[in-house]
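> Just need the structure, nothing else, for what follows:
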Amino acid sequence: MDTIASLFSFITWPVSWVIVQFHKLYGAIFGDDTGWAWGLSIVSLVVLIRICLIPLFVKQIKSTRNMQVLQPKMKAIQERYKSDKQRQSEEMMKLYKETGTNPLSSCLPILAQSPFFFALYHVLSAIASNKKIGVIDQSLLDSARQAHIFGAPLAAKFMNSSAEVSALGASLTDVRVVTAVMIVMMSASQFFTQRQLMTKNVDLTVKTPYMQQQKMLMYIFPVIFAVMGINFPVGVLVYWLTTNVWTMGQQMYVINQNPTPGSKAQDQYLTRLLKSVTAHGEVRGRTRRNTVKRIVAKGPDRNDIERKFVTGLAKLGLAPQEDGTVGKSDTAAAEAEGGAAQRRQQPKRQTKAKRQTGTAQAGGKEPDSTESGSKTSLQKQDEKPKPAGKPASGSSRQAKSGQRKGPQRPKHPSKK
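Down below sits the predicted model:
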């Protein structure tokens, strides 16, 4: 590690100068020899570097998304020219050139940070060895050696011996506890950052080897950082933990505001956007209007999530416009009004008596009340029982319920 750090010794002077400038600021607040002054100086160095790398981070996002889109085409090229590796490479380069994609763009932020990382490592190693470096003179060197973060010196490592730690004015237990906690936090932040990318910001409709690679890196990177971390000074651990937390927050912001099409994050984002439009009746914010513009420009090539968003607007009687706003949709409004009118015109449930009256009226002309009254009275007269008496003959006797009509057979004398 020391050999690699020495390769970037040309940048140690500007790195040490930036740290000293921040140390003057924080030293006036917390004290020159405190761990807060030196620790916050390293944190501020990270923030300054990451702000300068934002354009590269934007490039990395675009490159990663382009690589995801190109995965099906790349897989087709690999299968088509399986036996001709040279032709396969030529077709791949041609595809990259046509789409303006650079596979190395996804590594740009890490590559750009590497010189600063190794330069800081070189500076802290010099402090541990009590050597002046860059703009750090003897007085600053003594101040840095006295600075402790939770009892661990800035230049101490997990693998240092007890004698080396004692020379820095600390105990081996404090150093190992602090470095172990920082290594775990550094690895955990790296894992969460990669997991956030894989679970929320990946197009789930495209299953490619690229996704499997990213899934493997989600587990490999934290292990690599944990193994390397035991040889990092506390100051370098502060640097790397800070840059991991920055990356995690920056990625979280990008996922929430500009998610990958077809991803779970896009579904959540468009759901929030639809709720906002429902509440306010308009698209608020330039970023959201740009999102609506892209959806309109896609036309029939929209994915299922984007089509669901457009359908949700149509139910509100709205339609997305080319300028990113939403306007009244005549078709959607007519369909909504027609559905409401149809619901209003639906007849109420009628009683049984009304349904029977309607059926009788539909079957024919309503009978006269006088005729119906006389007919009823005649029926009643016919139905009156006859006076009791001896029947004229057996045939005149009315059959009771369950008896046979007609003349009855005389009973046997023994049964009288």
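
> can you list contacts of stretch 164-180?
128, 145-146, 148-153, 155-158, 160-162, 229-230, 232, 234, 237 (CB atoms under 8 Å, 6 or more residues apart in numbering). C-betas here are computed from N, CA, C, even on glycine.

> Keep only those of these that are in helices.
128, 145-146, 162, 229, 234, 237 (DSSP state H).

> Can you pull out the low-pLDDT segments for the stretch 251-400 of the chain?
330-400 (pLDDT under 70).

> run the last query once more with 50
332-333, 335-344, 364-384, 386-400 (pLDDT under 50).

> which residues in it form helices?
264-280, 286-298, 304-315, 330-344, 352-363, 369-382 (DSSP state H, counting those that start in this stretch).

> Which parts of this protein are strands?
Secondary structure of the chain (DSSP state E): strands located at 148-149, 152-153, 318-320, 326-328.

> now, of those, which is deepest in the fold?
strand 152-153 (a mean of 29; mean count of other CB atoms under 10 Å).

> So what touches that one?
Strand 152-153 has contacts (CB under 8 Å, 6+ apart) with 128, 145, 147, 165, 168-170, 174-175, 178-179, 234.

> Compare the residues you listed and tell me which is most surrounded.
V234 (29 neighbours; other CB atoms under 10 Å).

> so what's that one up against?
With CB under 8 Å, 6+ apart, V234 has these contacts: 149, 152-157, 175, 178-179, 182.

> Identify the bridge partners of the residue lying closest to it once chain neighbours are set aside.
Distance criterion CB to CB, 6 or more residues apart in numbering; nearest residue to V234, sequence neighbours excluded, is A152 at 4.9 Å. Counting by DSSP bridges, A152 is bridged to I149.

> A152 and V254, how far apart?
Here A152 is placed at a distance of 34 Å from V254 (CB to CB, to the nearest Å).

> okay, how far is it across stretch 124-134, tip to tip?
Using CA to CA, to the nearest Å, one end of stretch 124-134 lies 11 Å from the other.

> And that stretch, what's buried?
Within stretch 124-134, the residues scored as buried using 16 or more other CB atoms under 10 Å are 124-128, 133-134.

> so for it, what's the average pLDDT?
Confidence for stretch 124-134, expressed as mean pLDDT, is 82.

> For it, give me every contacting residue.
Residues contacting stretch 124-134 (CB under 8 Å, 6+ apart): 2, 5, 12-13, 15-17, 122-123, 136, 138, 141, 144-145, 153-156, 164, 168, 233, 235-236.

> Now restrict those to buried residues only.
Buried members of the contacts of stretch 124-134, counted by 16+ other CB under 10 Å: 5, 12, 15-16, 122-123, 136, 141, 144-145, 153-156, 164, 168, 233, 235-236.

> Y219: neighbouring residues, count only.
With other CB under 10 Å as criterion, Y219 counts 11.

> number of nearby residues for the spatially closest residue to it that is not a sequence neighbour?
Leaving aside its chain neighbours, Y219 sits nearest to F191 (7.6 Å; criterion: CB to CB, 6+ apart). Neighbourhood size, F191 [other CB under 10 Å]: 17.

> Please apply the same query to Y239.
Using other CB under 10 Å, the number of residues around Y239 comes to 24.

> Surely it is in contact with L45?
Yes - counting by CB atoms under 8 Å, Y239 sits close enough to L45 to count as a contact (7.2 Å).

> what residues do these two have in common as contacts?
Residues touching both Y239 and L45 by CB under 8 Å, 6+ apart: L120.

> how far away is A37 from A167?
22 Å.

> More neighbours: these two, which one.
A37 (22 against 16).

> My read is that that one contacts F30, right?
Yes - checked against CB under 8 Å, the pair A37 and F30 is within contact range at 4.8 Å.

> ok, back up a step: with respect to T260, which of the ones in helices among the contacts of stretch 164-180 is nearest?
Of all the ones in helices among the contacts of stretch 164-180, T260 sits closest to G229, with 30.7 Å by CB to CB.

> Give the burial count for the closest one, as a bare number.
G229 has 22 neighbours, counted by other CB under 10 Å.

> so who does it touch?
G229 touches 158, 179, 182-183, 186-187, 237, 240, counting by CB under 8 Å, 6+ apart.

> Please indicate which of those residues are buried?
The buried subset of the contacts of G229 (16+ other CB under 10 Å) comprises 158, 179, 182-183, 186-187, 237, 240.

> Just name the closest of the residues you listed to R307, please.
For those, the minimum distance to R307 (CB to CB) is 40.4 Å, reached by S187.

> just checking, that closest one touches V227?
No - counting by CB under 8 Å, S187 sits too far from V227 to count as a contact (9.5 Å).
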